[in-house]
Each structure stands twice: as C-alpha cells, then as structure tokens.
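>>> Generate a structure from the sequence data that follows.
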Amino acid sequence: MIKPQIVYKIAIVLCCFLSSVSVFSQSKKQLELEERRQELRKEIEQINSMLFKNKSKAKSQLSLIEDLNHKINVRNNLIKVTNQQANLLTREIGVNQREITQLREDLENLKADYAEMIVHSYKSRSTQSKVMFLLSSTNFHQAYKRLQYIKQYSNFQKQQGENIQIKTEELKIANQKLLKQKEDKQALIKENSIAQAQLELERKQQRELMASIQKDLKSYTAQIKEKQQEADRIDREIEKLIREAIAKSNKKAGNKSNTSGFTLTPEAKNLAASFVANKGKLPWPVEKGVVKLKYGNQPHPIVKTATIHSNGVRIATSPGAQVRAVFNGEVYAIIVQKKGNPTVLIQHGNYFTAYKNLGKVYVKKGDKVTTNQSIGEVFTNSATGDTTLSFSVFKESNTQNPASWLYKM
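Residues are numbered from 1 along each chain as shown. The predicted model follows:
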C-alpha cells in the first residue's frame with residue numbers, strides 16, 4: 001500500500017507540472033496575441049498614411065466613408081485583441097501570485113527545517129561525540145552504517161542550505177515577473193483607453209458622412225454600379241484572353257478533345273507546380289499596402305442594396321508604388337481599354353496573375369519576369385489622391401482568392 005505522504009508528494013509534483021504547462025500555454029498565446037496586435041497597429045499606421053494623409057478635397061464622400069469604415073473595423077479588431085491580452089495577463093498574474101504564495105511557504109518550511117538541523121548540529125558538534133557514536137557500534141557493519149549516516153546528514157544539511165538559496169532566487173524572479181506583468185497590463189489598459197477614444201471620434205465622423213450620403217443615395221448607388229461595370233469589363237477581357245491561351249496550347253499540342261484546360265509543356269508544368277508549391281508564401285504585388293476590398297461577392301459597406309462582385313483584391317498603397325510580379329512567369333498580355341488604366345497579365349503555367357490600374361508599364365508581351373521584379377507603377381488619381389492596385393489570381397479561367405496565395409494577406 002502506498003503511504004499517504006508519498007501520495008501527497010506525487011499530487012504536489014503533478015499540480016506543479018500542470019501549472020507549468022498552463023503557464024507555458026498562456027505565454028505562447030500571449031506571444032501570438034502580441035504579434036497580432038502589432039500587425040493591426042501597423043495596418044492602422046498604413047491606413048492613416050495611405051488613405052487619410054494629404055488627401056484631396058475632391059475625394060468623394062463615398063470613398064471617404066469606405067476608407068473610414070475599413071479603419072473602424074481594423075481598430076475594433078485591435079481593441080478586441082488588446083482586451084484578450086489584458087484578460088490573459090489577469091489570469092497569468094493570478095497563477096503567478098499563487099506560485100509566489102507557494103514559494104514563500106516552501107521557503108519558510110526550508111528555513112525552519114534548516115534551523116532545526118543547525119540546533120541539532122550545535123548540540124552534537126564535538127568530534128568526541130561523533131567518535132563515541134561510531135565506537136559504540138556493536139559490529140563493523142553498524143559502524144559503517146553510522147559513518148554513512150553522518151556523511152549523509154552533513155550532505156543533507158548542505159543541500160538544504162543550497163535549496164534555501166535556490167528558492168530565494170526563484171521567489172525574487174517570480175516577484176519581478178509579477179511586477180512586469182502588472183506593468184504590461186496597465187500599459188494595455190491605457191492603450192485601449194486611447195483607442196476607444198479614437199474609435200468614438202471616427203464613429204462620429206462616420207455618422208456625419210452617412211447622414212450626408214443618405215441625402216443623395218441614388219447618385220452614390222449609380223457611382224457604385226459604374227465602378228462595378230468597369231471592373232466587370234476588365235475581368236471579361238482577362239477571361240477571354242485566358243480561354244484563347246487554352247485553345248492555343250491545345251491546338252499546338254494537337255489535342256482537339258481538350259477544350260477546358262491547358263496542354264502544358266514539361267517546362268510549363270514545372271512552373272505551375274512551383275507556383276502551387278508556394279501557395280500562401282507569394283510576396284504581395286506592392287511592398288506596402290492595405291486591402292480595401294476582399295475577394296468574392298459582398299454587400300456594399302455603405303449602400304446595403306448594392307452588391308460588390310470582386311474577382312480579386314483591391315490594395316491601397318502609396319503614390320509611386322512599384323508593382324511587382326508575385327512569381328516567375330511570362331507576360332501574356334498588356335490590356336488597355338478606353339475607360340481605365342493598363343492591366344498586366346502574367347502566365348505561370350496554367351495559372352495567371354493580373355495587375356490592374358497601372359499608371360506606368362515597364363514590360364511588354366512575351367517578356368520573362370522573375371519574382372519581385374518591377375513590372376510597372378500603380379496609378380494615382382490626381383483629383384482624389386487614391387493609389388489603388390487591383391490584383392487577381394486565375395487557375396485556367398477560374399478565379400482564385402488571392403488571400404490564399406499571398407503571404408499573410
């Protein structure tokens with residue numbers, strides 16, 4: 001039968017282990033939250049720099065409120081993450097305080113045991129008493145055992161002294177950690193308070209803009225419809241060109257039965273495979289940017305009766321921003337329409353990437369391009385100050401969500 005003392009010690013060890021696992025898990029979560037918080041802070045800085053800095057008065061009310069809505073959403077996420085961090089710190093502080101209490105109790109017990117040993121050692125300190133203790137043994141075996149006991153007792157006494165030093169140091173570190181946690185929590189609370197105040201100002205501005213837009217809702221609805229038609233025209237042209245490329249590849253290979261997909265050369269197959277292998281790791285088409293419009297069908301953030309259909313993502317960036325190829329490939333076409341700015345279409349085997357709304361184009365049809373190579377410059381609207389790139393990914397003629405392909409989008 002296991003002794004109660006042993007069961008108690010096992011329970012203590014198990015509790016300490018589970019506590020350490022919990023603290024490790026919380027610390028890991030805290031690091032993840034901190035990384036996300038810094039990303040959101042950086043995104044707000046980019047929003048301020050790219051969407052709200054030195055903007056022309058000609059910028060439409062609709063565009064202003066779209067930008068403001070995006071900023072409010074990001075700030076809401078920042079406040080949410082900061083709150084999660086503060087709450088997690090509160091739990092970690094509680095765990096640490098309990099650990100400190102236990103350490104203090106352990107230290108007091110160690111000191112009491114050590115004091116008792118010192119008193120006992122003092123009473124039996126004479127060499128003569130130790131010699132007599134050995135000589136009074138009834139046989140050699142007993143004398144050997146007593147000698148071992150004396151050594152063990154001396155070593156144990158020394159170990160207890162070292163344990164006291166270790167526990168004292170552990171307690172000191174735990175107190176420092178607790179102080180740091182409390183400081184971090186106060187900093188987060190202060191930052192959240194500032195963010196809440198900024199959010200309230202932005203919401204007030206949002207309400208004022210919405211009230212202005214509601215007075216002329218028909219006009220804004222017409223603007224949204226016109227923008228959608230322009231985007232659809234470019235997308236139809238891209239899809240037409242890709243279908244033509246599929247037909248050419250099959251005709252060249254003498255494959256008359258295949259009409260839906262490419263017949264690729266070994267080189268093109270390798271390129272496509274490499275493109276797929278880098279899914280989720282591709283660089284952004286601009287060095288810095290903020291995603292203003294996501295992929296897919298979505299209700300308009302202002303005019304709820306209008307639906308936005310997006311074959312890609314719309315990225316706001318800085319004036320003069322360079323457009324970069326996201327992967328090795330060949331320029332398949334430069335699309336120029338009467339209304340709108342040039343689009344560069346790059347082929348990567350049976351995949352294509354499209355870069356729309358360029359102000360300058362540095363490449364021509366048939367050029368080989370490499371990852372991160374500058375292929376042009378994003379167009380900046382001189383009247384509104386907007387600098388926006390639309391970016392799409394296609395497999396055959398089917399659209400893909402760029403957020404699944406680009407790194408941390």
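>>> in the stretch 101-250 of the chain, which segments are predicted with low confidence?
For the stretch 101-250 of the chain, applying pLDDT under 70 flags the ranges 110, 114, 117-135, 137, 146-147, 149-151, 153-158, 160-161.
>>> could you pull out the helices for it?
127-135, 140-214, 217-253 (DSSP state H, counting those that start in this stretch).
>>> any chance of those in CSV, with mean neighbour count too?
To be clear about C-beta, it is placed using only N, CA and C from the backbone, and glycine gets the same treatment. Shown next, in CSV, are these (neighbours: other Cβ atoms under 10 Å):
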stretch, mean neighbour count
helix 127-135, 11
helix 140-214, 13
helix 217-253, 15
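>>> okay if I get the ones you listed as JSON lines plus distance to residue 286?
Output for the helices of the stretch 101-250 of the chain, formatted as JSON lines (distance: least, Cβ to Cβ, whole Å):
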{"stretch": "helix 127-135", "distance to residue 286": "83"}
{"stretch": "helix 140-214", "distance to residue 286": "25"}
{"stretch": "helix 217-253", "distance to residue 286": "18"}
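>>> I'd like to know which of the ones you listed lies nearest to residue 71.
Closest approach to residue 71 among these (Cβ to Cβ): helix 140-214, 6.3 Å.
>>> list the helices and strands the closest one packs on?
In terms of contacts (3 or more Cβ pairs under 8 Å, 6 or more residues apart in numbering; DSSP states H and E), helix 140-214 is packed against helix 61-123, helix 127-135.
>>> To residue 408, which of those helices lies closest?
helix 61-123 (14.7 Å).
>>> quick check: angle from whichever strand or helix holds residue 274 to helix 217-253?
In this assignment (DSSP states H and E), residue 274 forms part of helix 266-277. When axes from the mean of the first three to the mean of the last three Cα atoms, to 10 degrees is applied, the directions of helix 266-277 and helix 217-253 differ by 140 degrees.
>>> Residues contacting the following helix or strand past helix 266-277, please?
Later in the chain than helix 266-277, the nearest helix or strand by DSSP H and E is strand 290-293. With Cβ atoms under 8 Å, 6 or more residues apart in numbering as the test, strand 290-293 has contacts from 43, 46-47, 50-51, 66-67, 70, 308, 310, 313-317, 388, 403, 409.
>>> returning to what we had before: right, and the helices of the stretch 101-250 of the chain - which one's nearest residue 382?
helix 217-253 (18.2 Å).
>>> counting contacts, what elements does the closest one pack onto?
Using 3+ Cβ pairs under 8 Å, 6+ apart, the elements in contact with helix 217-253 are helix 61-123, strand 307-310, strand 329-335, strand 343-348, strand 351-356, strand 388-395.
>>> name the helices or strands packed onto the second one?
Secondary structure elements in contact with strand 307-310, counted by 3+ Cβ pairs under 8 Å, 6+ apart, are helix 217-253, strand 296-299.
>>> any low-confidence regions in the stretch 251-400 of the chain?
For the stretch 251-400 of the chain, the stretches with pLDDT under 70 are 258-259.
>>> Could you measure from the residue nearest the centre of the chain over to residue 42?
Centroid-nearest residue in the chain, with Cα atoms, centre = their mean: residue 36, separated by 4.5 Å. Between residue 36 and residue 42 the computed distance is 11 Å (Cβ to Cβ, to the nearest Å).
>>> Same question for residue 144.
Residue 144 is 72 Å from residue 42, by Cβ to Cβ.
>>> now swap in residue 257 and tell me
Distance, residue 257 to residue 42, by Cβ to Cβ: 51 Å.
>>> Please say which of the two ends up with more neighbours.
Per other Cβ atoms under 10 Å, whichever of residue 257 and residue 42 has more neighbours is residue 42, with 11 against 5.
>>> quick one: that one is in a helix?
Yes - counting by DSSP: H, G, I helix; E, B strand; the rest coil, residue 42 falls inside a helix.
>>> Could you measure from it over to residue 191?
Distance from residue 42 to residue 191, by Cβ to Cβ: 14 Å.
>>> Next up, the contacts around the closest residue to residue 354 other than its chain neighbours.
Distances taken as Cβ to Cβ, 6 or more residues apart in numbering place residue 392 nearest to residue 354, at 4.3 Å, with adjacent residues excluded. By Cβ under 8 Å, 6+ apart, the residues touching residue 392 are 235, 238, 311-313, 353-354, 356, 399, 402.
>>> at 7 Å instead, please
Contact partners of residue 392, counting by Cβ atoms under 7 Å, 6 or more residues apart in numbering, are 311-312, 354, 399, 402.
>>> Ok, residue 329 next?
Applying Cβ under 7 Å, 6+ apart to residue 329 gives the contacts 346-348, 369.
>>> what does residue 376 give?
Residue 376 neighbours (Cβ under 7 Å, 6+ apart): 323, 344, 355, 358, 360-362.
>>> Show me this protein divided up by domain.
4-214, 229-404 (automatic domain parsing).
>>> Look up how far residue 144 lies from the residue in the chain sticking out farthest from the centre.
Centroid-distance maximum for the chain: residue 138 at 74.5 Å, with Cα atoms, centre = their mean. According to Cβ to Cβ, residue 138 stands 12 Å off from residue 144.
>>> with the contacts of residue 329 in mind, which one is nearest to residue 106?
For those, the nearest to residue 106 is residue 348 (63.0 Å; Cβ to Cβ).
>>> In this structure that closest one contacts residue 274, no?
No - look at residue 348 against residue 274 with Cβ atoms under 7 Å: they stay out of range, at 8.2 Å.
>>> Give me the more crowded residue out of these two.
Set side by side, residue 348 and residue 274 show more neighbours around residue 348, with 25 against 13, by other Cβ under 10 Å.
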